[in-house]
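Colleague: Below: sequence and its predicted model.
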Amino acid sequence: MSPLTYILGWPLLGAALVALTPRNYRFVIRTVALFTTLVSMLLAVKMFVQFQTGIATPQFVQKVPWVESLGISYYVGVDGLNVGLVLMGAIVAFAATCMSWEIKTREKEFYFLLLTMISGILGAFASLDIFFLYFFHELALIPTFIMIGVWGRGEEKNYATFQITLYLTIGALLALVGLIVLYIQSGAQTFDMLELTRHIQANPLSVNAQNLIFPFLLFGFGILVSLWPFHTWAPLGYGSAPTPTAMLHAGVLKKFGLYGLLRLAFPLLPDAAHGWLNIIAILCLGNILYVGLVAIRQKQLHMLIGNSSVAHMGFIFLGLASLNLVGVTGAVVIMVAHGFLAALSFGLGGYLFQATGTFEMKEWGGLMKKMPFIGAAFVMAAMAGCGLPGFANFVGEVMVFFAAWKTFPVATIFALWGGLVIGAVYMLRAVRAVAHGPLPGKWAELTDAGLWRKVPFIILLGSLIIFGCVPRLLTDKIRPNAEEIVKMATRTAAPKIEPVTVGLGK
């Protein structure tokens, strides 16, 4: 049995155990959640270390046929595109579970939903079958809506719940339509992504079919990623969500849309993709510049972090739009790095909210004097968000800028300005407002985080620094599959132009 089955199975087992545990056994429920996510994280680390570099074919594979007539199988495995995402997801999952101490009501239900969400996230990134890719994503997405609506915070949590539900449902439906049409038009009669890829390589889809399918996948997955201008659900949704939910969704689940574009849309629909590259480059500037300017105006920390998270998605789209080896590799590195950074930032914001009861940055100031560890971690997170060398974000962003310069020099200049100037402005202003200056008297009794409370922040910071100082741990694993993606996405145009028949196939 593949270790991936255990990695996604332990949280699911934990959810089942929590469901069977009486609700007044609070310590048992929390222990089950921590233990199962810890085991999942350790297994993911072991899997990542044992992953053989230089190999493009999936490793740790397990395939069990399910609906053979439709070509649906439980099929998991990792290659360079998703091995880092599975590792990042498992680490963030444990860190988010550690941060769940803030939940004081309906704990049994919360941990059940949290563990179900974690299992869905890990399953989505480990799946090599399109049906289960989508199934696991929905398994993770539904608990998100419930957790924001029930355990969310702020006066606008109900509005945030409706907004995020509406946007992400529309995005998921658009992506589903695109995937179904892709399955029908390919004529391969399989949901196996590798077999489907081989079939389409041998029998390219017509240009008409590609032009029909690609917009569904681009905007469906794009909405899930918070691509500008379909991003407005994200800052308020994350700001209203309980801390563990925000850490998991902003850090991990949001990468699902990018992973879908990278795994399916660009390599399987190359002719259509090339027609959209300029538009993608323009839209990503909306994330970097417009959302960055919105972040500057924020007075509440959770909204600033939410907009910052959306802005960083622009760098990943810029790397994908460059469609060369360095850009695609850099995009995947940023996906992993941003997962750690977003989880760290929302975790720190949630900790400060629990300690002070507010997100208003004007109410803070000088907190580093009373909370040196939290203050130092916040400064480091801000520096990572600015792309400071030594953190994994720097590696990915530099690769994207070098790659994009060859294709989109003007867009790269604007992106550099947005990342270096706008990003530095709102991050450094947040550091000044939160950590430095005179300490208000009402915070005189604050104390720093204890040893156990420091664990999730140490793990996330350590991950950012390790991959920032030794980036080859990621890039060497990504390279073979990035080369395949670029090769497929830049192949010559499909020779045939046939009518598109959605209902009957090719």
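Modeller: Received, thanks. Numbers count the residues shown, from 1 in each chain.

Colleague: Check which helices and strands the strand ranked longest in the chain is in contact with.
Modeller: Criterion DSSP state E: the longest strand present in the chain is strand 59-67. For strand 59-67, the elements it packs on are helix 3-20, strand 72-78, judged by 3 or more C-beta pairs under 8 Å, 6 or more residues apart in numbering; DSSP states H and E. Bear in mind the C-beta positions are built from the backbone N, C-alpha and C, glycine included.

Colleague: Just give me how far the helix or strand following the last one sits from the chain centre.
Modeller: Moving toward the C-terminus from strand 72-78, the next helix or strand (DSSP states H and E) is helix 83-98. Computed by C-alpha atoms, centre = their mean, to the nearest Å, the chain-centroid distance of helix 83-98 equals 11 Å.

Colleague: And for stretch 291-309?
Modeller: 18 Å.

Colleague: if we look at it, which residues are touching it?
Modeller: 226, 228, 231, 234-239, 246, 250, 254, 310-311, 314, 338, 342, 345-346, 349, 352-353, 359-362, 385, 418, 422-423, 425-427, 429-430, 434 (C-beta atoms under 8 Å, 6 or more residues apart in numbering).

Colleague: List the buried residues of that stretch.
Modeller: 291-292, 294-295, 298, 300-309 (16 or more other C-beta atoms under 10 Å).

Colleague: For the nearest residue to residue 484 once chain neighbours are set aside, give its distance to residue 210.
Modeller: Excluding the flanking residues, the one nearest residue 484 by C-beta to C-beta, 6 or more residues apart in numbering is residue 56, at 5.6 Å. Relative to residue 210, residue 56 is positioned 24 Å away (C-beta to C-beta, to the nearest Å).

Colleague: Of these two, give the one with the bigger neighbour count.
Modeller: Using other C-beta atoms under 10 Å as the criterion, residue 56 and residue 210 rank with residue 210 on top: 25 against 14.

Colleague: quick check: angle from the longest helix seen in the chain to helix 83-98?
Modeller: Of all segments of type helix in the chain, defined using DSSP state H, the longest is helix 325-356. Inter-element angle recorded for helix 325-356 and helix 83-98: 0 degrees (by axes from the mean of the first three to the mean of the last three C-alpha atoms, to 10 degrees).

Colleague: Identify those among the contacts of stretch 291-309 that sit within helices.
Modeller: 234-239, 246, 310-311, 314, 338, 342, 345-346, 349, 352-353, 385, 423, 425-427, 429-430, 434.

Colleague: about what we covered before: what is the rounded mean pLDDT of the longest helix of the chain?
Modeller: On average, the pLDDT along helix 325-356 is 91.

Colleague: Stretch 382-402 now?
Modeller: 90.

Colleague: Can you show me the helices along the stretch 101-250 of the chain?
Modeller: 107-126, 130-151, 157-186, 193-202, 207-225, 233-240, 243-248 (DSSP state H, counting those that start in this stretch).

Colleague: With distance to residue 367 added, can I get those in a markdown table?
Modeller: What follows is the helices of the stretch 101-250 of the chain, written out as a markdown table (distance: least, C-beta to C-beta, whole Å):
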| stretch | distance to residue 367 |
| --- | --- |
| helix 107-126 | 28 |
| helix 130-151 | 25 |
| helix 157-186 | 25 |
| helix 193-202 | 47 |
| helix 207-225 | 33 |
| helix 233-240 | 19 |
| helix 243-248 | 17 |
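
Colleague: and these, which one is worst for confidence?
Modeller: helix 233-240 (a mean of 84).

Colleague: what distance separates that one from the centre of its chain?
Modeller: Relative to its parent chain, helix 233-240 has a centroid offset of 15 Å by C-alpha atoms, centre = their mean.

Colleague: Report the angle between that helix and helix 157-186.
Modeller: Using the same axes, to 10 degrees, helix 233-240 lies at 130 degrees relative to helix 157-186.

Colleague: Which of the residues in helix 233-240 are classified as buried?
Modeller: 233, 234, 235, 236, 237, 238, 239, 240.

Colleague: Alpha carbons of that helix, as CSV, please.
Modeller: Taking C-alpha atoms only, helix 233-240 is exported to CSV below (Å, rounded to 0.1, in the frame of the first residue of the first chain):
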residue,chain,number,x,y,z
TRP,A,233,-14.2,36.5,-1.6
ALA,A,234,-10.7,35.7,-0.3
PRO,A,235,-9.6,38.5,2.1
LEU,A,236,-13.0,38.7,3.9
GLY,A,237,-13.4,34.9,3.9
TYR,A,238,-10.0,34.3,5.4
GLY,A,239,-10.4,37.2,7.8
SER,A,240,-13.7,35.8,9.1
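
Colleague: separation between the residue lying closest to residue 112 once chain neighbours are set aside and residue 144?
Modeller: In space, residue 112 comes closest to residue 18 once its chain neighbours are excluded; the distance is 4.8 Å by C-beta to C-beta, 6+ apart. To residue 144, residue 18 is 18 Å away according to C-beta to C-beta.

Colleague: With neighbour numbers in mind, choose between these two.
Modeller: More crowded of residue 18 and residue 144, by other C-beta under 10 Å: residue 18, with 26 against 23.

Colleague: residue contacts, the more buried one?
Modeller: Residues near residue 18 by C-beta under 8 Å, 6+ apart: 29, 32, 33, 108, 111, 112, 115.

Colleague: Equivalent analysis for residue 398, please.
Modeller: By C-beta under 8 Å, 6+ apart, the residues touching residue 398 are 330, 387.

Colleague: Alright, I will stop here.
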